[in-house]
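A.B. asks: output the structure for:
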Amino acid sequence: MKDLFKKYVGNDVGINFKELRKFHAARLVNACDTFFTIEGLKSEQVKIHYN
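C.D. replies: The predicted structure follows:
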């Protein structure tokens, strides 16, 4: 996973972290071997880790 995502760290990505059928903009803040972290944009002060 890290090799796939590392070039996008710091960039905005589309991911469905709020609603199952809609993609929302978020920033990819970290990419590790077994998980990645995004944070919500705008006024959303949310960080989410996926593994």
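
A.B. asks: what is the burial count for Ile38?
C.D. replies: Ile38 has 21 neighbours, counted by other CB atoms under 10 Å. C-beta coordinates here come from the backbone N, C-alpha and C atoms, glycine included.

A.B. asks: which stretch of helix or strand covers it?
C.D. replies: Ile38 is located in strand 36-40, with elements delineated by DSSP states H and E.

A.B. asks: output that strand as PDB, restricted to C-alpha atoms.
C.D. replies: What follows is strand 36-40 as a C-alpha-only set of coordinates in PDB (Å, rounded to 0.1, in the frame of the first residue of the first chain):
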ATOM      1  CA  PHE A  36      -3.000   5.200   5.300                       C
ATOM      2  CA  THR A  37      -4.300   8.400   6.900                       C
ATOM      3  CA  ILE A  38      -6.600  11.100   5.500                       C
ATOM      4  CA  GLU A  39      -7.900  14.400   6.900                       C
ATOM      5  CA  GLY A  40     -11.000  16.200   6.000                       C
END
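
A.B. asks: after it comes which helix or strand?
C.D. replies: By DSSP H and E, the next helix or strand past strand 36-40 is strand 47-50.
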